[in-house]
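> using only what follows, build the 3D model:
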Amino acid sequence: MNCPHCESKNTYCRQNSTDLGYQEYRCGHCGRQFNERTGTVFNYFEYPTDVVILAVRYYYKFKTSLDDVVKLMAMRGFKLCHQTVRNWAQVVGIELALQFRARRVGQAGKKWHADPTYIKVEGRWCYLYRFIDKESSLVDVYLSNARDDETANAFFQQCFDTTCVLPDQIIADKERALANGIHHTFHGAVNIRDNKFMNNRLE
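Coordinates of the predicted model:
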């Protein structure tokens, strides 16, 4: 295991382990000690990584409330407070989302469906831009306070940066800003189909 402090490969296992059972190591180059979770978002959590992941999965996968997650974890013998679950969801959720986004590079299909929808987030109304491909796999999402050309440009550029895929066709719902954003980002290399009913797959 490489040292998370100096990235040296000159490391060796110690006979000790952490209170949670994670193997401890020492670096022969910088002399610092570390364990399996050093340098990760889980390093200072007082619960095992598997427990944290399970609670975060309950919260996001099943769209449960903090109350529900606390009850579900209590059924498994873990007594957590609401704030603990909230902190885990914010810290670990972002880390997992970035890892999942990285896995979408080169994985999107060539036919995309685009559609903005109006949702309420933390008490305020926002526009959620969404992209899926022909197989209904997520391309990317973008949350904005506005629904204009600038927002559409940013959304399409983010989709391309995330997937590194140039689509052959994008199906929109006859919104001018979406068409302008496609032309601006892909410079006319993408075929646009303005058909509201063909986006039923997304809605």
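> show me what the least confident helix or strand in the chain by mean pLDDT is packed against.
Here the helix or strand of the chain ranked lowest by mean pLDDT, DSSP states H and E is strand 191-194, holding a mean of 82. Applying 3 or more CB pairs under 8 Å, 6 or more residues apart in numbering; DSSP states H and E, we find strand 191-194 packed against strand 169-172, helix 176-186. Quick note: C-beta positions are derived from backbone N, CA and C, even for glycine.
> neighbouring contacts of it?
168, 169, 170, 171, 172, 173, 174, 179, 182, 183 (CB atoms under 8 Å, 6 or more residues apart in numbering).
> buried residues in it, which are they?
For strand 191-194, a neighbour-count test (16 or more other CB atoms under 10 Å) marks residue 192 as buried.
> spatially central residue for this structure, please.
residue 97 (1.7 Å; CA atoms, centre = their mean).
> tell me what residue 120 is bridged to.
residue 125 (DSSP bridges).
> how many residues are close by it?
8 (other CB atoms under 10 Å).
> and the gap between it and residue 126?
8 Å (CB to CB, to the nearest Å).
> and the contacts of whichever strand or helix holds the residue nearest to the centre of the chain?
For residue 97, the element it lies in under DSSP states H and E is helix 82-102. Helix 82-102 has contacts (CB under 8 Å, 6+ apart) with 41-42, 45, 52-53, 55-56, 59-60, 66-67, 69-70, 73, 140, 162.
> for the contacts of strand 191-194, which one is nearest residue 147?
Among these, residue 173 lies closest to residue 147 (CB to CB), at 12.0 Å.
> neighbours of the closest one, how many?
Residues near residue 173, counting by other CB under 10 Å: 17.
> that one contacts residue 117, correct?
No. Using CB atoms under 8 Å, residue 173 is not in contact with residue 117; the gap is 10.4 Å.
> can I get the helices and strands packed on strand 191-194 in JSON lines with mean pLDDT?
Formatted as JSON lines, the helices and strands packed on strand 191-194 follow (pLDDT from 0 to 100):
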{"stretch": "strand 169-172", "mean pLDDT": "87"}
{"stretch": "helix 176-186", "mean pLDDT": "88"}
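> tell me which of the ones you listed is the most buried.
strand 169-172 (a mean of 21; mean count of other CB atoms under 10 Å).
> which parts of the protein are helices?
Taking DSSP state H as the criterion, the chain carries its helices at 49-61, 66-75, 82-102, 149-163, 176-186.
> can you lay out the ones you listed as JSON lines showing distance to residue 8?
JSON lines is the format used below for those (distance: least, CB to CB, whole Å):
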{"stretch": "helix 49-61", "distance to residue 8": "24"}
{"stretch": "helix 66-75", "distance to residue 8": "38"}
{"stretch": "helix 82-102", "distance to residue 8": "25"}
{"stretch": "helix 149-163", "distance to residue 8": "33"}
{"stretch": "helix 176-186", "distance to residue 8": "43"}
